[in-house]
Each structure stands twice: as structure tokens, then as C-alpha cells.
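Trainee: Structure here, sequence nowhere to be found:
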Ligand SMILES: Cc1cc2nc3c(=O)[nH]c(=O)nc-3n(C[C@H](O)[C@H](O)[C@H](O)COP(=O)(O)O)c2cc1C
């Protein structure tokens, strides 16, 4: 194990895969004294090496690199692909049916290759989402002095994280934006614990340090997480409108203006449950068939690309946590500074 520690500013900017966590964002957050995180889940080794080098050139601060632990994916059968494709073709957005011919092996990235790439400019923290990474990856990271964390959504997952020898737990509550980090895509029983209830349960058990994730938007929220036993917090939505974030301008505009909308859990963008702002895609797809994760993510790629090109927020992924109304649009250093001031005044 590696001894767990956080900087004086007990905030980890959440890893957010899909181009949001740019080197500029990670560098700025780390320079401000918090932990900047890369969401490298879908990144190639070349991009991982490049982005880590770019961020390291910007800061000597603390950097986290995050990966998904994908469940094995069986090749889908033609009938299931056809059904899922028909569902997308029925949506009111002009994408040619042929554009959906995108499913090719390998369906998931090679975690070992991603890990080798990240070790070129070793991060300070390494975190994993959707389950336990292979033991040898944890051991190699810890041997290099890297602190290893894994997401838990319930106490049983927290116990398993401790058993595998990780150094800390990211307690992800039901309010969290983006993918719910359950160890299996659709667990038989998901209690849907709030971030504070989960934090409290894990802290009382006391196996490993806890970082609270989900709906943390203000200094007062950070104080509450600490009062429930957290060592710190992981905040995603709070950084989506940072100037340096790779969030599309139309997505940022929805986050700052759709205050009358709600966030909902949907499996239809990717094949796994994730919290997003409710838009036309989400409401039209409610009853639709979909492929397993991450095949559905690949299949919806052409539709999402067209929507992004057109600035059409009704068909983009708008991941957002339940506290999105409190989002701030500012440089990342300013967001961190305001959160720290806010914490001290609470
Ligand atoms: C746009 C977006 C993308 C995300 N991508 C990842 C990811 O790649 N890896 C990960 O571990 N968590 C990811 N998450 C979840 C965050 O780690 C964290 O649990 C969540 O942001 C906390 O809730 P909040 O958004 O209310 O702060 C993502 C969250 C968002 C909003």
C-alpha cells in the first residue's frame, strides 16, 4: 500500500472522460493546490503520453489519472445491432443509417497498454471506475509510489476495494453526474445511497480513507462530507463550466441555463446507467432497446458527433450531477479559490 495523503485543498477535480479533462484544466486545478484528474478511459496510449506530458509541463502539482475497468464484452449478434440501430434511426435527427456501422473489435481499450503509457510521466494518483483493476497493476503503481483509489457505490464494493489492497475509496453517491461506478452494469440490488450516507457508512467501517463524490458543489457541501468522515471530495459537475474544460459551448450553455430541467439516470447513451440532464434523446429513448456498455456508446457516437457539430444539445450527452444549478463559469483556479474561501467561511 501507499500512504494516503491529499493536498491542503481537499478537492479532487473529477476525472471526466470524453475530452473534458484537458491538460489545461488538469494543470490549472493542480496549480491552484487541488488535485487535477484526467479521464483517460477511452484514450489511446499516444494521447495518454501526450496529455500527461503537457500537464506536467504546466504544473508540479498533483495529478490523478483515471481508467475504466471494462467487463468482458461479447461480440453482439446482428439482430441486436439491427434493433438498437433502428431505435437511433427513428429519432428526429438526420444521421444516415450507414453511419451507424461502427462496431469493430476490439470493443474495449487495453488497460495494460493504457497503464504502461501513463507510467511515462507517472501520476500521483491512479483511480479506477466500474470495478477492481488487476492486482498486478495496483502493485506496480504502488511500487512507484502512486496512491491508488477505486470507486464504490455501496459498502460491499468498499470492502472488496480494501481486500484488493487499494489505498482509498471514492464513495460515489446517487447524485453524481456521469456513469454510476457500480462493479456490474446492472446490479441486482442497487440501494442508490446518497453520497453522504455512503460516506458515513464507509467511514464508520473505517477500512480505508474516503473521498465523497456526488452533488458536491459548494464549500458547505465539502464541510458536510468531512463532517460525515470524508478525507476530501471529488467534484465533477462543478468543473464542467471551467474556462479550461473541454466541455462543448452548447453543453456549457445548457448547464447554465436549464435550471428548470431535472437530471435523470439513463442507460441509453452508453449501455450503462449515468446521470444526465434530460433532453430529447433521453426522453425519446426511455423504452428503447440498447446494446451493452460500451457498445451502445460506440453506436451512439455518429449521432452525438452530428449533434455536437450542429450545437444541438437535444442529442448530445449532457452528463450532470444533481447539484448542477450551482455551477460556476470561471477559470479553474478561480473556482478552486472560491470553494476554499467558501469552506473557510462555513
Ligand atoms: C461529464 C462527466 C464525466 C465523468 N467521467 C468519469 C470518468 O471518466 N471516470 C470516473 O471515474 N468518473 C467519471 N465521472 C464521475 C465523477 O468521477 C464523479 O463521481 C461525479 O462527477 C461526482 O458527482 P458531481 O458531478 O455531482 O460532482 C464523470 C462525471 C461527469 C459529470
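Mentor: Received, thanks. The model shown is predicted, which means the values in this text are computed figures rather than measured ones.

Trainee: contacts and neighbour counts: CA atoms only from here.
Mentor: Will do.

Trainee: per-residue pLDDT, residue 346?
Mentor: For residue 346, the model assigns a pLDDT of 86.

Trainee: Touching, it and residue 221? I think so.
Mentor: No. Residue 346 is beyond contact range of residue 221, at 9.7 Å (criterion: CA atoms under 8 Å).

Trainee: Between those two, which has more neighbouring residues?
Mentor: Using other CA atoms under 10 Å, the more surrounded residue of residue 346 and residue 221 is residue 221, with 19 against 11.

Trainee: So the more buried one, which state does it fall into?
Mentor: Of the three states, residue 221 takes helix under DSSP: H, G, I helix; E, B strand; the rest coil.

Trainee: quick one: it from residue 130, how far?
Mentor: Computed as CA to CA, to the nearest Å, the residue 221 to residue 130 distance reads 25 Å.

Trainee: repeat for residue 334
Mentor: Distance from residue 334 to residue 130, by CA to CA: 31 Å.

Trainee: The two: which has the busier surroundings?
Mentor: More neighbours surround residue 130 than the other of residue 334 and residue 130, with 21 against 17 (other CA under 10 Å).

Trainee: For the stretch 201-346 of the chain, what lies in contact range of the ligand?
Mentor: Contact residues (CA under 6 Å from any ligand atom) of the stretch 201-346 of the chain with the ligand: 213-216, 235-238, 319-323.

Trainee: Provide the secondary structure category for the one residue sitting closest to the centre of the chain.
Mentor: Here the mean C-alpha position of the chain is nearest to the C-alpha of residue 16 (CA atoms, centre = their mean), at a distance of 4.2 Å. Three-state assignment for residue 16 (three-state DSSP): coil.

Trainee: what sits against it?
Mentor: 37, 38, 39, 40, 236 (CA atoms under 8 Å, 6 or more residues apart in numbering).

Trainee: So the first one belongs to a helix, correct?
Mentor: I take that to be residue 37. No. Read with three-state DSSP, residue 37 is strand and lies in no helix.

Trainee: Around it, count how many other residues there are.
Mentor: With other CA under 10 Å as criterion, residue 37 counts 32.

Trainee: where's it relative to the ligand, distance?
Mentor: According to CA to the nearest ligand atom, to the nearest Å, residue 37 stands 9 Å off from the ligand.

Trainee: Point me to the helix or strand that includes the residue lying farthest from the centre of the chain.
Mentor: Centroid-distance maximum for the chain: residue 79 at 31.1 Å, with CA atoms, centre = their mean. For residue 79, the host element (DSSP states H and E) is helix 78-89.

Trainee: buried sites along that helix?
Mentor: By neighbour count on 16 or more other CA atoms under 10 Å, the buried set for helix 78-89 is 81, 84, 85, 88, 89.

Trainee: my guess is the last one contacts residue 99, does it?
Mentor: This points to residue 89. No. Using CA under 8 Å, residue 89 makes no contact with residue 99, being 10.3 Å away.

Trainee: picking up where we left off before, for ChimeraX, what selects the buried ones among the residues of the stretch 201-346 of the chain next to the ligand?
Mentor: Buried residues among those (16+ other CA under 10 Å), as a ChimeraX selection:
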select :213,214,215,216,235,236,237,238,319,320,321,322,323
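
Trainee: Of the residues of the stretch 201-346 of the chain next to the ligand, which belong to helices?
Mentor: Counting by DSSP state H, no part of those is found in helices.

Trainee: Would you verify that residue 252 is located in a strand?
Mentor: No. Checked against three-state DSSP, residue 252 lies outside a strand; its state is helix.

Trainee: residues touching it, list them.
Mentor: 240, 241.

Trainee: By proximity to the ligand, which residue of the stretch 51-200 of the chain wins?
Mentor: When distances are taken as CA to the nearest ligand atom, the stretch 51-200 of the chain reaches nearest to the ligand at residue 176, 3.3 Å away.
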